[in-house]
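Trainee: Mind looking at a prediction? Sequence and model below.
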There are 2 protein chains.
Amino acid sequence: MVIGLNAVIVAVTEERPRVLTVDRAPAHDALPFGPLDVEGDRTLELGLRRWVREQTALELGYVEQLYTFGDRDREPRGRWGGRRVLSVGYLALVREVPAAVGGVRWRDVYALFPWEDWRRGRPPVLGGKIERGLARWVRSAAEPGVRRARRERADISFGLRGAPWDGERVLDRYELLYEAGLVEEAHRDRERRPGGAETPSAPEADPLVGRPMSLDHRRILATALGRLRGKIRYRPVVFELLPPAFRLLQLQRVVEALAGVELHKQNFRRLVERGGLVEGTGKLDPETGGRPAELFRFRREVLRERPSPGVGLPGLRT
Amino acid sequence: MVIGLNAVIVAVTEERPRVLTVDRAPAHDALPFGPLDVEGDRTLELGLRRWVREQTALELGYVEQLYTFGDRDREPRGRWGGRRVLSVGYLALVREVPAAVGGVRWRDVYALFPWEDWRRGRPPVLGGKIERGLARWVRSAAEPGVRRARRERADISFGLRGAPWDGERVLDRYELLYEAGLVEEAHRDRERRPGGAETPSAPEADPLVGRPMSLDHRRILATALGRLRGKIRYRPVVFELLPPAFRLLQLQRVVEALAGVELHKQNFRRLVERGGLVEGTGKLDPETGGRPAELFRFRREVLRERPSPGVGLPGLRT
DNA sequence: ACCCATAAAACTCAATATGAGCATAATCGC
DNA sequence: GCGATTATGCTCATATTGAGTTTTATGGGT
């Protein structure tokens, strides 16, 4: 048994969430990854920090454990001498984007999940390939009961036919696309494992959605994005992604980038200011166009005042 | 390396949350636990279900992964032939309490965490042993900076000196008590591992708080309770603990038992009814004293209607 | 110097949601 | 029929949202 450690390292630059990837074998992005040193690493988290340091020359700050993936067949045979690999995923948030070293790059998260970014309205890929692909998947079930269950699941996950969009169901959506054979990983895995294969094949006309990643790394990233979207609502984690002093609009843009939706500016300000989440530093920003903005900082005292301080996304624009 | 699987199996009976435990070596409760069969168990969750079946004769329904614990020194040496153990914790919710088989019993969760139950007001142990113990721990730091940090952490975790109580910080609180040497496990571990030991010893006069468990199982349980408290607010998981038809007061009591607080009855009803979480079945309950109550059932359609349907605890009585 | 684009910041206002009660309705055991 | 017990209905002041409008500063042209 080998224990792998995976890091989803997220930053937000130029109003887009980005994830740190490294080059791996088959021309695909991979998450920074390495086996736990059973003797050397005292804790899993320390092992992760060590790997990330070695692979990306990055020293992590905020780190939280995400999920442990352990299906018997998740790694191609032979990868680790045929031994089973169990991998523990972590989410890390970093402030700045340091120049990437060899083979390391920052990827736009929404290049991997184009259906998750609703800031400019409903993503076109949803009404296109995804709705068509899901409809095909629903139809392809023989039993009427199974068809109904699939329909229901597709509706709830993707907000179809009147159901609302739930930004946090990132993993549900990715897993559904995988089952429906709409992401490349599903086909790649099917080839490797002829046994349990009944993944529908996508017709040539409708290519697959989103940029693929190595192994099950896109699934781990989906877990991370879903968790992060949930977490900003009740813990002040956004500030891990911002400089110590920032404009309120800057804060708003980061929240929007993560949540994948636009917010109502005035209400957002009211929320974070009256909620005691931030406080003005009398200073102004030597900035870009428009009236100069005051610089704010995170107000740590809020932790003693409110039970779950976060940017609890009211102020969602409709 | 050995992969252990731990199950926190929760039910609510007689208005108390209970956890399933099995007898283990040193007269302590333990969570159902067993190593993953690397060849046999296709997924971690299936391995867990197998172990639980074997140890408790219980077939699990709702199961969710909690956290993976992997510190190098968390198991006593020799337990698994000196090999390092990494354990994956799961939370399972079950409806009924079947008669326990040999060595298996249901433990009141609040016997393990007496400071977490605020239904009859502030738990006395908090104002007593815990406040005294924490004050001692704060004072025992040499550096004034460290003292301030400890004070702050104690205040936020336990809602002291004006800070509010946050029901979800169950793990923070347990870990703090561990560091402060107020739970038996801290002393037990200290004996085993003379190296990193600087846990303060509790004076004879002030015994330790809460019933201890084997190994780090109480910490796993703390993780589970915290997660569950969070989850009932935005996912309809309470219904996993109730029969298919129930009275609204029954539902309220289960939520209260988990959250550890009392709710305002009328407002609670308004919330779950108007929120579309439940629907009346015209039937009445052949019940206990008072006016007969209508029986309700969970309304599955709510999943298509609202993004995160749960019992989002407004209606908290003050 | 003046106009304009771009933001920030300050206010309004109607529509809901929440927190806390009071009032009335059915049962059951005497 | 009385009181205990629980269910269910209804009210009401106050806070929180959602969605604007207005006013205030700057910098960059022309």
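Mentor: Okay, I see it.
Trainee: My guess is A:Val138 contacts A:Arg150. True?
Mentor: Yes: counting by Cβ atoms under 8 Å, A:Val138 touches A:Arg150, with 4.6 Å between them. To be clear about C-beta, it is placed using only N, CA and C from the backbone, and glycine gets the same treatment.
Trainee: in chain A, what residue sits furthest out from the centroid?
Mentor: A:Gly282 (35.0 Å; Cα atoms, centre = their mean).
Trainee: Please report how far that residue lies from chain B.
Mentor: Using Cβ to the nearest Cβ, to the nearest Å, we find A:Gly282 at a distance of 26 Å from chain B.
Trainee: Next, give phi and psi for that residue.
Mentor: Dihedral pair for A:Gly282: phi -40, psi -20, per degrees, to the nearest 10.
Trainee: Which neighbouring residues are in contact with it, exactly?
Mentor: A:Glu294 (Cβ atoms under 8 Å, 6 or more residues apart in numbering or on different chains).
Trainee: Please report how far the closest residue to chain B within the stretch 201-318 of chain A lies from A:Gly40.
Mentor: In the stretch 201-318 of chain A, the residue that lies nearest chain B is A:Pro307 (4.0 Å; Cβ to the nearest Cβ). Computed as Cβ to Cβ, to the nearest Å, the A:Pro307 to A:Gly40 distance reads 39 Å.
Trainee: need the helices for chain A, in chain order.
Mentor: A:44-56, A:109-112, A:124-125, A:131-139, A:144-158, A:170-179, A:184-192, A:217-231, A:248-259, A:265-274, A:302-305 (DSSP state H).
Trainee: Let me know which of those helices is tucked in deepest.
Mentor: The highest mean neighbour count among those, using mean count of other Cβ atoms under 10 Å in any protein chain shown, belongs to helix A:217-231: a mean of 23.
Trainee: Just want the angle from it to helix A:248-259.
Mentor: In terms of direction (axes from the mean of the first three to the mean of the last three Cα atoms, to 10 degrees), helix A:217-231 departs from helix A:248-259 by 130 degrees.
Trainee: Quick check: nearest residue in space to A:Thr56, chain neighbours excluded?
Mentor: Nearest residue to A:Thr56, sequence neighbours excluded (Cβ to Cβ, 6 or more residues apart in numbering or on different chains): A:Val104, at 4.9 Å.
Trainee: Would you mark the buried spots in stretch A:295-309?
Mentor: Within stretch A:295-309, the residues scored as buried using 16 or more other Cβ atoms under 10 Å in any protein chain shown are A:295-299, A:302-304, A:306, A:308-309.
Trainee: would you turn these into a markdown table with pLDDT and distance to B:Glu96?
Mentor: Listed next are the buried residues of stretch A:295-309 as a markdown table, based on pLDDT from 0 to 100; distance: Cβ to Cβ, whole Å:
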| residue | pLDDT | distance to B:Glu96 |
| --- | --- | --- |
| A:Leu295 | 92 | 58 |
| A:Phe296 | 93 | 52 |
| A:Arg297 | 93 | 52 |
| A:Phe298 | 94 | 47 |
| A:Arg299 | 93 | 47 |
| A:Val302 | 91 | 42 |
| A:Leu303 | 91 | 40 |
| A:Arg304 | 90 | 42 |
| A:Arg306 | 83 | 38 |
| A:Ser308 | 74 | 32 |
| A:Pro309 | 77 | 38 |
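Trainee: OK, contacts around the residue nearest to A:Tyr174 when sequence neighbours are not counted?
Mentor: Distances taken as Cβ to Cβ, 6+ apart place A:Ala222 nearest to A:Tyr174, at 3.9 Å, with adjacent residues excluded. Residues near A:Ala222 by Cβ under 8 Å, 6+ apart: A:113, A:170-171, A:173-175.
Trainee: For A:Ala222, give me the pLDDT.
Mentor: Confidence at A:Ala222, expressed as pLDDT, is 98.
Trainee: Then the one 5 residues further on?
Mentor: What the model reports as pLDDT for A:Arg227 is 96.
Trainee: Would you check that it makes contact with A:Gly89?
Mentor: No: if you go by Cβ under 8 Å, A:Arg227 and A:Gly89 don't touch, sitting 9.7 Å apart.
Trainee: which residue does the stretch 151-300 of chain A bring closest to DNA strand C?
Mentor: Shortest the stretch 151-300 of chain A-to-DNA strand C distance, computed as Cβ to the nearest atom of the strand: residue-wise this is A:Gly290, at 2.1 Å.
Trainee: Any idea how many residues pack against that residue?
Mentor: By other Cβ atoms under 10 Å in any protein chain shown, 7 other residues sit near A:Gly290.
Trainee: And it, its phi and psi?
Mentor: phi 90, psi 180.
Trainee: give me phi/psi at the closest residue to DNA strand C within the stretch 1-150 of chain A?
Mentor: Of all residues in the stretch 1-150 of chain A, the one sitting closest to DNA strand C is A:Glu15 (11.4 Å; Cβ to the nearest atom of the strand). Backbone torsions of A:Glu15, given as degrees, to the nearest 10, read phi 60, psi 20.
Trainee: Relative to DNA strand D, how far out is it?
Mentor: 21 Å (Cβ to the nearest atom of the strand, to the nearest Å).
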